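1. Just to be clear, the model below is a prediction. Sequence and coordinates:
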Number of protein chains: 2
Amino acid sequence: MPFKNEKLNWEDLRLFLWVAKAGGLSGASALAGVSAPTLSRRMTGLEKALGATLFERLQSGYRLTAQGEELLARVQEMEEKSRAIQQWQKHLDPRPVVRITSGAWTSVFIARHLHQLSERQSGPRIELLIGADFLNLSRREADLAIRNKMPEQQGLARRRIGSVAFAVYGSPCYVENNPQAQSEERFEACDWAALTAGSATGLSSSWLQERIGESPRLSCSSPHSVLEAAISGAGLCVLPRFIGGSEKGLVCCSDPIDALTHNQWQVSHDESRWSPSIMQVSRSLFELFRQHQDSFV
Amino acid sequence: MPFKNEKLNWEDLRLFLWVAKAGGLSGASALAGVSAPTLSRRMTGLEKALGATLFERLQSGYRLTAQGEELLARVQEMEEKSRAIQQWQKHLDPRPVVRITSGAWTSVFIARHLHQLSERQSGPRIELLIGADFLNLSRREADLAIRNKMPEQQGLARRRIGSVAFAVYGSPCYVENNPQAQSEERFEACDWAALTAGSATGLSSSWLQERIGESPRLSCSSPHSVLEAAISGAGLCVLPRFIGGSEKGLVCCSDPIDALTHNQWQVSHDESRWSPSIMQVSRSLFELFRQHQDSFV
DNA sequence: TTGTTGTATTTCATTAATGATCGTTGTGGG
DNA sequence: CCCACAACGATCATTAATGAAATACAACAA
């Protein structure tokens, strides 16, 4: 401390994050749990303390200036560390939390076999987050990730957990009534159910989009809805084999789709080692995929 | 944000840092600029929010528990990022600040040639910090460092800036009156001035301590005082040649001390590149040492 | 023992921060 | 063109946080 450190209030930085993310005071007010007038004052105070103009005040909300963007990047690095603290805090609990992020379908698979990851009472609690980006891992929004490509960032530990294949599925009734489902004409002749663009994390959705040209008959944001739709005979859908193959109400009506077959990787932080519960879940998860590897290909 | 994030007040974390560093409320109160009662309340509040016991309350102050130590390590990582913000802020100023850390004698050398580093009005302002540890560089307490060994951490960029040699110096008057100063008997027969253990950052102090056995006649915490003492004839001292050689009031009375000759390195962050002023000072500093390299050996 | 010095905590008056409300200002739709 | 809407800014009563002073407590020295 050279001399009197001009005091930079860390709480202001935290609120700045909310305002920057929400793009305005009213949105941030709801998210951060403080009122808009307070946010207004804190932000002007922060600008004064830093001697920088962080926002353009528009009628439509707050827009970050170039300086604001620079600050945001730095505060996000602080947020990353703060998340590490929050996670550390959760592990103080007698029942710590392990956050797993994966694609939509993989999260369904994990949920189905949850009992293998964590004992009913004694084991750590599990949070399943759907996302396709490594970011939520490097920013400490999750502890473990299942991803379809190898991470290139350093600081991330990875284990290959085998490949996953996709195929076309439909209800026995629908397939019987629509023989084209068994042939290559299926893309034009049949109805389809798919994930919406927003919730799709993998390649299968865009691959299907390319084939059927237009929007599918049914777009769902939840994988569960896609399954229900297909089972009820609304149409066909593209599923990982580990989902479709174990679904009694569906029959496979295609070969595995070569273009969609890819490897899966389990990724975690290098520093996750300090947490016994993360390590435990990581091992159980790896073991879970190993046990079911036959149903993936 | 999974759901309602239990709000962790970042300002509490910042205050926690002061309490942990000061080892008590009263010390932290002076450093952080808030009163002890407030700190007491904030710390109990933080403990409650985290659900952890961070301190042992002793009569002699606060002592960190194991959980407190764990939190400290994590908050220090936040502090590092916050320092990056403060430094970014200073570079918003029309006259940005570049912080240089080095050993006691090197900082004297830099101060003497400051005009070569920064123009009188237009150039960046300079902060000279004395320290021996790479920590203050990796923790963003400084931008540039002059060190006597190669950094092993990654993320630090290094340039070798030549070697530095030491010798024994004294005032002409003292050396004339004490002929032993010219011989190996000088360590026992002469008076000495040296840096105190607290302010000594290099090897020369401990080397001298080993030779003269007892404490020197004069121990100063400031290099300037050591110089003044030697010039006024109080005794001998060990100096880098780039200091002693340019001091009119001193004469060299030994060969260069081989055991103390070592290389010097200029170290900076890899990410310093984004700041033009740091780069400018870095280049000037390197150039400065290159120009004077003859006076070092 | 007893006084002294350092510490943290409690009390309470003061101060500062907060949020409901209203006013203002643009934007976009009819 | 006008009007409803949404957003920020200002005002002021309310609430929460703060710090000075007093208290309590342990360690240390005489």
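-> Perfect, I can see it now. Residues are numbered from 1 along each chain as shown, chains lettered A, B, ... in the order given.
2. Just the helices from the stretch 151-297 of chain A, written as ranges.
-> A:172-177, A:186-189, A:204-212, A:223-231, A:241-244, A:276-291 (DSSP state H, counting those that start in this stretch).
3. For the second one, enumerate the helices and strands it packs against.
-> Read it as helix A:186-189. helix A:204-212 (3 or more CB pairs under 8 Å, 6 or more residues apart in numbering or on different chains; DSSP states H and E). Every C-beta, even on glycine, is put in place using the N, C-alpha and C of the backbone.
4. What helix or strand is residue A:137 located in?
-> Using DSSP states H and E, residue A:137 maps to helix A:135-138.
5. Tell me the gap between that helix and the middle of its chain.
-> Centroid displacement of helix A:135-138 relative to its chain, using CA atoms, centre = their mean, to the nearest Å, is 10 Å.
6. now do stretch A:93-100
-> Mean-position distance between stretch A:93-100 and its chain equals 18 Å (CA atoms, centre = their mean).
7. Can you mark which positions in that stretch are buried?
-> Of all the residues in stretch A:93-100, those buried under the rule 16 or more other CB atoms under 10 Å in any protein chain shown are A:96, A:97, A:98, A:99, A:100.
8. could you dump the residues you listed to CSV with pLDDT and distance to DNA strand D?
-> Below are these laid out as CSV (pLDDT from 0 to 100; distance: CB to the nearest atom of the strand, whole Å):
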residue, pLDDT, distance to DNA strand D
A:96, 76, 28
A:97, 80, 27
A:98, 83, 32
A:99, 84, 29
A:100, 85, 34
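9. so can I have JSON lines of those showing secondary structure and distance to DNA strand C?
-> Below are those laid out as JSON lines (DSSP: H, G, I helix; E, B strand; the rest coil; distance: CB to the nearest atom of the strand, whole Å):
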{"residue": "A:96", "secondary structure": "coil", "distance to DNA strand C": "28"}
{"residue": "A:97", "secondary structure": "strand", "distance to DNA strand C": "28"}
{"residue": "A:98", "secondary structure": "strand", "distance to DNA strand C": "33"}
{"residue": "A:99", "secondary structure": "strand", "distance to DNA strand C": "29"}
{"residue": "A:100", "secondary structure": "strand", "distance to DNA strand C": "34"}
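10. ok, and what's touching the helix or strand of chain A at the bottom of the mean pLDDT ranking?
-> Within chain A, no helix or strand scores below helix A:135-138, which has a mean of 70 by mean pLDDT, DSSP states H and E. Helix A:135-138 is contacted from outside by A:80, A:101, A:129, A:141-142, A:145, A:151, A:153, A:155-156, A:267-269, using CB atoms under 8 Å, 6 or more residues apart in numbering or on different chains.
11. just stretch A:166-186 next, same as before
-> So stretch A:166-186 is in contact with A:189-190, A:204, A:230-241, A:244, A:247, A:249-257, A:260-261, going by CB under 8 Å, 6+ apart.
12. For it, what is the distance to the chain centroid?
-> 30 Å.
13. Now that stretch - C-alpha only, CSV.
-> C-alpha atoms of stretch A:166-186 as CSV (Å, rounded to 0.1, in the frame of the first residue of the first chain):
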residue,chain,number,x,y,z
PHE,A,166,-27.0,-40.7,-33.2
ALA,A,167,-29.9,-42.3,-35.1
VAL,A,168,-33.5,-41.5,-36.2
TYR,A,169,-36.3,-42.7,-33.9
GLY,A,170,-40.1,-42.7,-34.0
SER,A,171,-43.0,-44.4,-32.3
PRO,A,172,-43.8,-48.0,-33.6
CYS,A,173,-47.2,-46.7,-34.6
TYR,A,174,-45.9,-43.7,-36.6
VAL,A,175,-43.2,-45.8,-38.3
GLU,A,176,-45.7,-48.4,-39.4
ASN,A,177,-48.1,-45.8,-40.8
ASN,A,178,-45.3,-43.9,-42.6
PRO,A,179,-43.0,-46.4,-44.3
GLN,A,180,-40.9,-43.6,-45.7
ALA,A,181,-39.5,-43.2,-42.2
GLN,A,182,-37.3,-46.2,-43.0
SER,A,183,-35.8,-44.7,-46.1
GLU,A,184,-33.9,-41.6,-47.1
GLU,A,185,-37.2,-39.9,-48.1
ARG,A,186,-37.9,-39.5,-44.4
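14. The residue positioned nearest the centre of chain A and residue B:164: what is the separation?
-> With distances taken as CA atoms, centre = their mean, the residue of chain A nearest its centroid is residue A:131 (1.5 Å). For residue A:131, the distance to residue B:164 equals 53 Å [CB to CB, to the nearest Å].
15. Count the neighbours of residue A:284 for me.
-> A count of nearby residues for residue A:284, using other CB atoms under 10 Å in any protein chain shown, gives 18.
16. residues contacting the residue nearest to it when sequence neighbours are not counted?
-> What sits nearest to residue A:284 in space, not counting adjacent residues and going by CB to CB, 6 or more residues apart in numbering or on different chains, is residue A:117, at 4.8 Å. By CB under 8 Å, 6+ apart, the residues touching residue A:117 are A:110, A:123, A:126, A:281, A:284, A:285, A:288.
17. Now do the buried residues in the lengthiest helix in chain A.
-> Secondary structure of chain A per DSSP state H: the longest helix is helix A:66-90. For helix A:66-90, burial by neighbour count (16+ other CB under 10 Å) applies to A:67-68, A:70-72, A:74-75, A:77-85, A:87-90.
18. Could you list which of those also contact chain B?
-> Restricting those to those touching chain B (CB under 8 Å from any CB of the partner chain) yields A:67, A:70-71, A:74-75, A:77-78, A:81-82, A:84-85, A:88-89.
19. pretty sure the residue nearest to the centre of chain A contacts residue A:202?
-> No - assessed by CB atoms under 8 Å, residue A:131 is found out of contact with residue A:202, at 11.3 Å.
20. Where does pLDDT dip in the stretch 101-250 of chain A?
-> Along the stretch 101-250 of chain A, segments meeting pLDDT under 70 span A:118-122, A:134-135, A:197-200, A:213-216.
21. Show me which residues of it sit near chain B.
-> Counting by CB under 8 Å from any CB, the stretch 101-250 of chain A sits next to chain B at A:127, A:129.
22. contacting residues around the residue in the stretch 101-250 of chain A that chain B sits nearest to?
-> The minimum distance from the stretch 101-250 of chain A to chain B, using CB to the nearest CB, falls at residue A:127 (6.2 Å). Contacts for residue A:127 (CB under 8 Å, 6+ apart) come out as A:97, A:98, A:99, A:100, A:142, B:2.
23. at 6 Å what do you get?
-> A:97, A:99 (CB atoms under 6 Å, 6 or more residues apart in numbering or on different chains).
24. related to what we said a few turns ago, just to be sure, which of the contacts of helix A:135-138 are found in strands?
-> Those of the contacts of helix A:135-138 mapping onto strands are A:101, A:129, A:145, A:156, A:267, A:268, A:269, per DSSP state E.
25. buried subset of those residues?
-> Applying 16+ other CB under 10 Å to the ones in strands among the contacts of helix A:135-138 flags A:101, A:145, A:156, A:267, A:268, A:269 as buried.
26. do you know how far residue A:47 is from chain B?
-> Distance of residue A:47 to chain B, given as CB to the nearest CB, to the nearest Å: 11 Å.
27. now do residue A:53
-> Residue A:53 sits 10 Å away from chain B, taking CB to the nearest CB as the criterion.
28. Helix, strand, or coil at that residue?
-> Under DSSP: H, G, I helix; E, B strand; the rest coil, residue A:53 falls in the coil class.
29. count of neighbours near the nearest residue to it once chain neighbours are set aside?
-> Spatial nearest neighbour of residue A:53, chain neighbours left out: residue A:65 (5.5 Å); criterion: CB to CB, 6+ apart. Residues lying near residue A:65 (other CB under 10 Å) number 15.
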